[in-house]
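Participant: Structure of the sequence below:
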Amino acid sequence: MKLKDKHVTIKDVAKLAGVGIATASRALNNKGDVSPSTRRKVLEAAQKLGYVPNSLARSLVYGKTKKIGVIITTILNPFYATVVSGIESVLASKGYTLVLYNSNEDPYKEKEAILTLRQQRVDGIIFAPIEYESQNVKYLVENNIPFVLVARKTQEENTNFVVADDFKVGKIATEHLLEKGHRRILFLNSWKSSSARLRLEGYREALKEAGFLVNPKLIYSLTPDTEIRPLLEDILSTKNRPTAIFCFCDSIALEVMKILKAMNLKIPDEVAVVGCDNLDYTELLNPPLTTIEISKFEMGVTAAKILLEMLEAENKGPIQQILEPKLIIRAST
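Facilitator: The predicted structure is shown next:
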């Protein structure tokens with residue numbers, strides 16, 4: 001028996017299962033005070049009728065939409081794709097739906113995404129803020145919107161976040177190159193984010209501890225519009241060109257390796273390269289890329305768990321998780 005009306009209601013499910021509407025609701029929402037046999041009858045009836053819960057009605061009753069907003073720079077970045085995969089694995093297991101937006105490193109798009117998610121009445125937000133001094137994070141704090149920062153943090157102190165130890169990322173990458181005998185180490189950094197700030201601090205600290213001066217001419221912050229090839233060709237044409245390049249992320253490192261090969265410079269004999277993120281393709285490159293693993297999937301999983309704790313009033317916060325990075329040494333250094 002299947003109702004011709006597309007809009008099957010919980011009343012229809014309860015009638016077919018031979019139970020009251022309240023019992024059917026508890027069974028469908030996996031409440032503990034329903035016997036296994038009754039739950040099975042209700043679920044079988046719902047499946048037979050093709051019942052789909054009315055999420056709007058449920059949100060009005062329970063005050064929750066079971067939707068979580070996620071804002072990242074772009075899903076095209078394999079790093080964030082893995083982070084989102086970790087987030088989704090937790091949310092799906094708890095019956096939540098993920099609503100994804102890309103900011104494309106644009107603070108205005110980031111703000112638009114936040115406002116749109118508020119209109120959709122999401123229960124909370126997980127996002128990677130573009131700027132360290134973020135007005136959008138201040139907006140979330142001021143409006144008491146539950147949120148967790150992932151991959152990046154901001155200057156706001158009392159926020160929940162899950163990040164890598166970015167200072168250590170910069171330090172261990174630079175220390176590795178110093179141990180390999182390199183003294184002129186070019187750092188192709190990102191911009192604005194906390195990760196960029198802290199990795200630069202780690203880079204500088206490693207040089208200072210080794211007794212070397214920090215050369216500002218070997219530090220570049222790349223914006224989304226920066227053309228790496230002419231920049232790198234200009235830097236490598238100098239007399240005392242760098243013998244090693246530390247890249248903010250593996251995506252930059254991949255581009256750098258392409259340029260070096262086009263310039264007929266051997267890796268690592270003439271120029272060594274280090275990346276960060278340990279993306280899947282890095283061990284397949286020629287030569288395989290030395291990089292830093294920063295627990296991408298775990299980062300997403302942890303961020304989602306923290307947010308759900310907040311929504312269940314178990315997180316009195318703030319919870320701030322800093323994940324340990326690990327150097328993966330391969331043939332590019």
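Participant: isn't residue 282 right next to residue 275, touching?
Facilitator: Yes - if you go by Cβ atoms under 8 Å, residue 282 and residue 275 touch, sitting 6.5 Å apart. Using the backbone N, CA and C atoms, a C-beta is placed for each residue, glycine as well.
Participant: Tell me which of these two has more neighbours.
Facilitator: residue 275 (29 against 22; other Cβ atoms under 10 Å).
Participant: Show the backbone phi and psi for the more buried one.
Facilitator: Per-residue torsions, residue 275: phi -110, psi -160 (degrees, to the nearest 10).
Participant: give me the number of residues near the closest residue to it other than its chain neighbours?
Facilitator: Excluding its sequence neighbours, the residue lying closest to residue 275 (Cβ to Cβ, 6 or more residues apart in numbering) is residue 253, at 3.2 Å. Neighbour count of residue 253, defined by other Cβ under 10 Å: 26.
Participant: How is residue 253 assigned, secondary-structure-wise?
Facilitator: For residue 253, the secondary structure call by DSSP: H, G, I helix; E, B strand; the rest coil comes out as helix.
Participant: just to revisit the earlier point, list residues touching both of residue 282 and residue 275?
Facilitator: Here residue 282 and residue 275 have 250, 253-254, 289, 291 as joint contacts, going by Cβ atoms under 8 Å, 6 or more residues apart in numbering.
Participant: Would you mind giving me the confidence score for residue 241?
Facilitator: For residue 241, the model assigns a pLDDT of 93.
Participant: Quick check: it touching residue 184?
Facilitator: Yes - at 7.2 Å, residue 241 and residue 184 qualify as touching, with contact defined as Cβ under 8 Å.
Participant: Next, count neighbours for residue 122.
Facilitator: 24.
Participant: Quick check: which element contains residue 140?
Facilitator: Assessed by DSSP states H and E, residue 140 sits inside helix 135-142.
Participant: I would like the residues contacting that helix, please.
Facilitator: The contact list for helix 135-142, computed with Cβ under 8 Å, 6+ apart, reads 107, 110-111, 114, 125, 129-130, 147, 149, 154, 156, 158-159.
Participant: Among those, which one lies nearest to residue 165?
Facilitator: Set against residue 165, the nearest of these by Cβ to Cβ is residue 149 (14.9 Å).
Participant: Okay, and the beta partners of the closest one?
Facilitator: residue 127, residue 161 (DSSP bridges).
Participant: so how far is residue 8 from it?
Facilitator: Residue 149 is 41 Å from residue 8, where distance means Cβ to Cβ, to the nearest Å.
Participant: Between the two, which has more neighbouring residues?
Facilitator: Neighbours were counted for residue 149 and for residue 8 using other Cβ under 10 Å; residue 149 has more, 25 against 19.
Participant: what sits against the more buried one?
Facilitator: Taking Cβ under 8 Å, 6+ apart, one finds 126-129, 137, 159-163, 303 in contact with residue 149.
Participant: which of the residues you listed lies closest to residue 177?
Facilitator: residue 163 (23.3 Å).
Participant: three-state assignment of that closest one?
Facilitator: Per three-state DSSP, residue 163 ends up strand.
Participant: Please indicate which of the shared contacts of residue 282 and residue 275 are buried?
Facilitator: Among the shared contacts of residue 282 and residue 275, those buried by neighbour count (16 or more other Cβ atoms under 10 Å) are 250, 253-254, 289, 291.
Participant: mind listing the helices for this protein?
Facilitator: 10-17, 21-28, 36-49, 55-62, 78-93, 107-119, 135-142, 166-179, 194-209, 228-236, 250-262, 296-311 (DSSP state H).
Participant: Of all the ones you listed, which one is nearest residue 326?
Facilitator: helix 166-179 (8.6 Å).
Participant: what are the bridge partners for residue 188, then?
Facilitator: residue 220, residue 247.
Participant: from what I can see it touches residue 223, true?
Facilitator: No - between residue 188 and residue 223 there is no contact under Cβ under 8 Å: 11.7 Å.
Participant: coming back round to it: wait, isn't the residue nearest to residue 275 in contact with residue 260?
Facilitator: No - the criterion here is Cβ under 8 Å, and residue 253 misses it with residue 260 at 10.3 Å.
Participant: wait, doesn't residue 129 sit right on residue 156?
Facilitator: No - using Cβ under 8 Å, residue 129 makes no contact with residue 156, being 9.3 Å away.
Participant: more crowded one of these two?
Facilitator: Higher neighbour count among residue 129 and residue 156: residue 129, with 29 against 17, using other Cβ under 10 Å.
Participant: Ramachandran angles for the more buried one?
Facilitator: Dihedral angles (degrees, to the nearest 10) for residue 129: phi -70, psi 140.
Participant: who's more crowded, residue 188 and residue 223?
Facilitator: Remark: of residue 188 and residue 223, residue 188 carries more neighbours, 25 against 9, as counted by other Cβ under 10 Å.
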